[in-house]
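J.: using only what follows, build the 3D model:
(3 chains)
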Amino acid sequence: VPIAHIKSAKKPILFPALLLALQAVFIVLLGVNAEYGQEPVTTTHTAHLTSTLRSTITYSNGTVVQIHHEEPAAHRGITDFYAMFQDIHVMIFIGFGFLMTFLKRYGFSAVGFNFLVAAFVLEWALIVRGYMFDYDVKTNSFPIDVERIIVADFVAASVLISFGAVLGKTNPTQLIIMAFIEVLLQSANEFLGLRRFCAFDIGESMFVHVFGAYFGLAVAYMLYDQELTSTEASEREKSVYHSDLFSMIGTIFLFCFWPSFNAGVAASGDPRLRAIVNTYISIASSVLLTYICSCLFNKDRKFDMVHIQNATLAGGVAVGTVADKIIRPFGAMIIGSVAGGLSTIGFHFIKSKLQKFRAHDTCGVNNLHGMPGLLAGIFGIVLAFFPTISLHTDNLLDTCWHGENRSHLAQVCYQAATLLVTVGIAIVGGIITGAILRLSILNDERPSSYHNDHVHWETPDDFYQDAHALLFPSHVEEHI
Amino acid sequence: VPIAHIKSAKKPILFPALLLALQAVFIVLLGVNAEYGQEPVTTTHTAHLTSTLRSTITYSNGTVVQIHHEEPAAHRGITDFYAMFQDIHVMIFIGFGFLMTFLKRYGFSAVGFNFLVAAFVLEWALIVRGYMFDYDVKTNSFPIDVERIIVADFVAASVLISFGAVLGKTNPTQLIIMAFIEVLLQSANEFLGLRRFCAFDIGESMFVHVFGAYFGLAVAYMLYDQELTSTEASEREKSVYHSDLFSMIGTIFLFCFWPSFNAGVAASGDPRLRAIVNTYISIASSVLLTYICSCLFNKDRKFDMVHIQNATLAGGVAVGTVADKIIRPFGAMIIGSVAGGLSTIGFHFIKSKLQKFRAHDTCGVNNLHGMPGLLAGIFGIVLAFFPTISLHTDNLLDTCWHGENRSHLAQVCYQAATLLVTVGIAIVGGIITGAILRLSILNDERPSSYHNDHVHWETPDDFYQDAHALLFPSHVEEHI
Amino acid sequence: VPIAHIKSAKKPILFPALLLALQAVFIVLLGVNAEYGQEPVTTTHTAHLTSTLRSTITYSNGTVVQIHHEEPAAHRGITDFYAMFQDIHVMIFIGFGFLMTFLKRYGFSAVGFNFLVAAFVLEWALIVRGYMFDYDVKTNSFPIDVERIIVADFVAASVLISFGAVLGKTNPTQLIIMAFIEVLLQSANEFLGLRRFCAFDIGESMFVHVFGAYFGLAVAYMLYDQELTSTEASEREKSVYHSDLFSMIGTIFLFCFWPSFNAGVAASGDPRLRAIVNTYISIASSVLLTYICSCLFNKDRKFDMVHIQNATLAGGVAVGTVADKIIRPFGAMIIGSVAGGLSTIGFHFIKSKLQKFRAHDTCGVNNLHGMPGLLAGIFGIVLAFFPTISLHTDNLLDTCWHGENRSHLAQVCYQAATLLVTVGIAIVGGIITGAILRLSILNDERPSSYHNDHVHWETPDDFYQDAHALLFPSHVEEHI
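T.: The predicted structure is shown next:
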């Protein structure tokens, strides 16, 4: 009995050739224009202060003199960013990587291609962001520091969310090309949103989660193939007991470190504290609502691992846009609860419906990142109506359209515009990207037998043995 | 052949109904009384100083003026707490969660219910602690900041230790009710111990470990059922090769981050350094003594995974009460060594004896948390005799009985009283809680077939297949 | 059919006796000479500054006075070191531990002996380093603080690399003796390199990676036995599907936290930022080159898990020596790319060749640590020719040979000397150690049936069941 139908493949020489060429280009670009950033030379903590740091000198004769430090640090350094950077780094590589290992025969690819794509995006995003956001014409260079490597990780998150939508349906060459294009579009969209529309979105729920999800879904739509519904492909789209446990490693690390994701680049001091506390509360609430809904929706009142692995995290996404705002703890709890419920509804009711419209969403990114991200964007729009809560002027720069003193109603419009433009660019960009990935030169290199590590990896002996039993479990059960 | 005896169950509508109601109550309580804490506006580092920060101004004419900062920060913020908070957070969700995945057929429940219970406790503990410890009658509110979310994680640890004692023997409704009650009792006991008895216990060995262990054991005692000793239940109480490896993920993360647990809320500066160094040394020593004892106790001189997964960590518990004291590195090493040995003795000799007295302790929490926690309490009593080592007055507040200047002998008595009262409240509270959990409305909702994920979860196909082989291994071996 | 050939063994009473005796000695040594270090009492951030911290006082009448803080902190504390310490700690225990779980039947020993050896080394290294580097004759003591426990973790890394070379071929007694000797030699070599030769090697690529790899290879050479090539031993030297996924947990954590390893003890400020950025870029590049080479070298153009688990990390090693130097981002990318390619070449072409010369390298440490470490040393030598990039005088102390003002050409010589002496001491020390480990009193205690957990551990039932199927897969396939 054959393990799986494997179409004859060309030797994939395109993959190493393409990647090697890109590496060479990156080295040149870094060599020409990339420099180190600078660690702040004044005390790092002065950056914390919204008000000026004040101290007093007390002379022995009783005179008291008020002093203040000059030049508060223009930027922040390792002390401020590094611990949260490492949390986010673990989310990208362990969190996303292991979250996707739930498929019984696609664990190598899940964690391995996650590793490949993320490492590629880190490099490419440093360069694209450098030119787009930070290029200094005086020095002909852009800097790389801890804040920039956090941002590169954010871009990676966006691409990995798209990867979740096409998991098991693409070869590595397609993934690299998808990542190459997505970094450009995601960064351009974020530049527009942050520097022109000046929307607030501290946890990147729109720029990363919404963009990644709908870009990925559009690609998946374009790559849809009837073979996905075959018995063998469907059988391989299931989990086994231990693959579900591997997946939980990803889930739990994402849960634990989500406060760092949403607070990573937040302004020091109270805004950052709020981002931490709101995310902590919101994501805990979405865990509870997921358990509630998972139980309610199941006919035997059992929990479904797919929900627990994914929907539990929706509170982190949904609170992202407003995480540093004064939404108060109970607001965070309401947001998390709504998100947890909505996400479980998505997994249970909406995912299969979408598939009928050729949007096959392997990891359910619409439910974990898409809809909760839209929710986050909507919360942002609503909050912009209340300037004492949204403090929207804190985000405004002189590069913003309608200047640094726009009204809160203008902010409402720009929040909405950002959400709409993000969805628009994601979907259009994804469709175009998907069309490119369908080109036979890319698609035939190593045609996928869906959700099957064997196509891409040297596999150990038990892959074959177990494969037989796992793919035809009823057959085995008969004999017991 | 049936996998396991499964009693007919009512549809567990109570679980979602109860949890949804509690979420609603929590939202109201947070809405009425919870506010964000404040990040310190003066420099965070001044909180480090035991002496006042001194700087000098040098005038050009040579005059030197001594200056000092006014108002050293009354509390500490993200810079001080956040990195350790994340370590502790990982201990709670990855550490405890995966530590309990050792059972061959209960991995989903171990990590999944750990996730559910911990998320629930975080919310509930923020509220209970807020009212009990931090309520400000002037503002009618309690604050939430990074130190408070660390403390909520500590409370979660206590409940998860109790969960370890009843692992595989409860349904989720029972777990939520147990957690609801335990948070109240644990917090009340800690309030008494910290604010009235003013015992020192920086690593919460008494308040968290002793309380959690004996509360859980008392609940397990009340829930004891003869069926636990059935062949099938006993067979499912074993591990498989890979479930033991999943469990080691939990063990190692607990090991690595234990210094953060014991130093998390320690006073900045030297006390915190001592808490880190002492825990680092103590827990390393308990690893070595566990290997020594595990080898010695085994008839084939082989190591036992149960010991390595658990007893290795006893040094972290046993040093907890005195972690920030001047016990010197060799003292930490002695404490860790004793604890590692004692804990292995507990697993090898005492656990099975306790079971004869109806105290079925699935994870052996008596050995990892109970006895080493008692040891910690005793070390605390002994240390209080030596005020130059224990520095006991550093902990005293004006809310303490016998005031801020109590003698060291008074401190000895209060340390002893704290330990006794903790054990007392834990056992009495656990018995009452266990009696409630036996009520048929809770117990019949989804009667447990012990240590069996299938009762609570949708399980993948290989759960059935392997279940047959795993439950009847001798049968299989015959055929080889 | 027997699982494996197991030679009759003496009861290993030597292991617990030896380890217990060593613990007792360590307690005495710590008791006599170890004290806590001190947390800095002035502001921790002043240690960041290369220039003096300057503030001004502005009087109401307009006078401006320049002030500066007195006594910049002589050393750094928790704020500077702790978060990176925890990253490194996770690398040692989770990273190395799980990386080695790839063998199908040796997972318990991989993660368990890693735990045992690392915990042992932490204690022993604190003591050895204390006497060698930090002993103060005035106080008759050496201090233990966060920087010292980081360094103890570095020593553990070195021993665990050696463990990787002998994985599956030693009993725990041999491992403890190997660790005991290696700590002494590794520390002595590093003392010579840092305090006399004054070589720069911020990421310890020479002192830890090169030393550990060639010491381990020399031990493996001495322990070589024909039985290693038997069918059964070879069969057990393979992986299974899930053991490869466990191994990836180790790989990814090592990848994520490598910047902390290379920047852990770097000077605060810009040098530390460079160490972070360079490592981040270099290790990402080695990931990509590993995927490229793994694909190119494989006849079916498939990826090989062994490469992905290991060679991806070579960029972290290769950039170690020069990580804090001004090599610019493109330099880091070139280094990482070369290392990733070289390491994959090592795994694919060189490893099997070495085995013919009796150097059986279970984990391929020559490819991940040895050759990339040599590369790092060579980059260091080359860089020393350019004093504006290497800033070599920053490392010079008055204990250095040729003083604090040596020329850059002298530095070139000392970098080369350090590399050569490191390789020399490692190989000679490893051969002597291997000869000791062959002594029948150590080797016969529990003679190894290679790569087999069953020799050292109580194993669950499925170890036997699966063992049959896994060891004779073709036999099983016949029946399907």
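
J.: could you use CA atoms for every contact and neighbour count after this?
T.: Will do.

J.: show me the shaky parts of the stretch 151-300 of chain A.
T.: Of all residues in the stretch 151-300 of chain A, none has pLDDT under 70.

J.: 90 instead, please
T.: The model of the stretch 151-300 of chain A has pLDDT under 90 over residues A:225-235, A:300.

J.: any idea how far chain B is from residue A:391?
T.: 16 Å (Cα to the nearest Cα, to the nearest Å).

J.: quick check: closest non-adjacent residue to that residue.
T.: residue A:325 (7.3 Å; Cα to Cα, 6 or more residues apart in numbering or on different chains).

J.: element containing that neighbour?
T.: Assessed by DSSP states H and E, residue A:325 sits outside every helix and strand.

J.: what sits against it?
T.: Taking Cα atoms under 8 Å, 6 or more residues apart in numbering or on different chains as the contact definition, residue A:325 lies against A:271, A:274-275, A:389-391.

J.: with residue A:355 instead?
T.: residue A:361.

J.: next: the one 5 residues further on.
T.: Residues counted as contacts of residue A:360 (Cα under 8 Å, 6+ apart) are A:165-166, A:217, A:220-221, A:224, A:354.

J.: and if you look at residue A:404?
T.: Counted by Cα under 8 Å, 6+ apart, residue A:404 has contacts A:393, A:396-398.

J.: what does residue A:265 give?
T.: A:81, A:147, A:202.

J.: ok, residue A:396 next?
T.: By Cα under 8 Å, 6+ apart, the contact list for residue A:396 reads A:198, A:403-405.

J.: and it, how far from residue B:112?
T.: Between residue A:396 and residue B:112 the computed distance is 43 Å (Cα to Cα, to the nearest Å).

J.: likewise residue A:434?
T.: In terms of Cα to Cα, residue A:434 sits 36 Å off from residue B:112.

J.: now swap in residue A:40 and tell me
T.: 44 Å.

J.: who has more neighbours out of those two?
T.: residue B:112 (25 against 19; other Cα atoms under 10 Å in any protein chain shown).

J.: helix or strand: which one has the more buried one?
T.: For residue B:112, the host element (DSSP H and E) is helix B:107-133.

J.: how about the most centrally placed residue in chain A, secondary structure?
T.: Geometric centre of chain A, nearest residue: residue A:157, 3.1 Å, by Cα atoms, centre = their mean. Three-state call for residue A:157 (DSSP: H, G, I helix; E, B strand; the rest coil): helix.

J.: OK, contacts around the residue nearest to it when sequence neighbours are not counted?
T.: Once flanking residues are discounted, residue A:157 sits nearest to residue A:92: 6.1 Å by Cα to Cα, 6+ apart. For residue A:92, the contact set (Cα under 8 Å, 6+ apart) comprises A:118, A:153, A:156-157.

J.: run the last query once more with 10 Å
T.: A:86, A:98, A:114-115, A:118-119, A:153-158, A:160, A:250, A:253-254, C:256 (Cα atoms under 10 Å, 6 or more residues apart in numbering or on different chains).

J.: do residue A:339 as well
T.: A:282-283, A:285-287, A:289-290, A:311-319, A:333, A:345, A:367-368, A:371-373, A:375-376.

J.: and the residues you listed near chain B, which?
T.: A:282-283, A:285-287, A:289-290, A:312, A:333 (Cα under 10 Å from any Cα of the partner chain).

J.: of the contacts of residue A:325, which is the most crowded?
T.: residue A:274 (32 neighbours).

J.: is any residue of the host helix or strand of it near chain C?
T.: Using DSSP H and E, residue A:274 sits within helix A:270-297. No: if you take Cα under 10 Å from any Cα as the test, helix A:270-297 misses chain C, and the best it gets is 17.7 Å.

J.: point out the other helices and strands that the next helix or strand after that helix packs with.
T.: Once helix A:270-297 ends, the next helix or strand along the chain (criterion: DSSP H and E) is helix A:305-310. Judged by 3 or more Cα pairs under 10 Å, 6 or more residues apart in numbering or on different chains; DSSP states H and E, helix A:305-310 is in contact with helix A:241-263, helix A:270-297, helix A:328-345, helix B:107-133.

J.: any idea how far the first one is from the chain center?
T.: So the one you mean is helix A:241-263. Its chain's C-alpha centre and that of helix A:241-263 lie 13 Å apart, by Cα atoms, centre = their mean, to the nearest Å.

J.: that helix and chain B in contact?
T.: Yes: counting by Cα under 10 Å from any Cα, chain B has neighbours in helix A:241-263: A:241-246, A:248-253, A:255-257, A:259-260.

J.: quick one: pLDDT of the single nearest residue of the stretch 101-250 of chain A relative to chain C?
T.: When scored by Cα to the nearest Cα, the stretch 101-250 of chain A has residue A:119 as its residue closest to chain C, at 5.0 Å. Confidence at residue A:119, expressed as pLDDT, is 98.

J.: assess the claim that it and residue C:283 are in contact.
T.: Yes: the pair residue A:119 / residue C:283 is scored as a contact, 8.6 Å apart, by Cα atoms under 10 Å.

J.: the more surrounded of these two?
T.: Neighbour tally, residue A:119 and residue C:283, criterion other Cα under 10 Å: the higher count belongs to residue C:283, 32 against 24.

J.: could you look up the SS state of the spatially closest residue to residue A:196 that is not a sequence neighbour?
T.: The shortest distance from residue A:196 to any non-neighbouring residue, by Cα to Cα, 6+ apart, is to residue A:400 (4.3 Å). Taking three-state DSSP as the rule, one finds residue A:400 in the coil state.

J.: surely residue A:400 meets residue A:410?
T.: No: the pair residue A:400 / residue A:410 is not scored as a contact, 11.5 Å apart, by Cα under 10 Å.

J.: how far out from the middle of the chain is stretch A:425-438?
T.: On Cα atoms, centre = their mean, the centre of stretch A:425-438 falls 18 Å from the chain's centre.

J.: same question, stretch A:452-468
T.: Centre-to-centre, stretch A:452-468 and its host chain are 30 Å apart (Cα atoms, centre = their mean).
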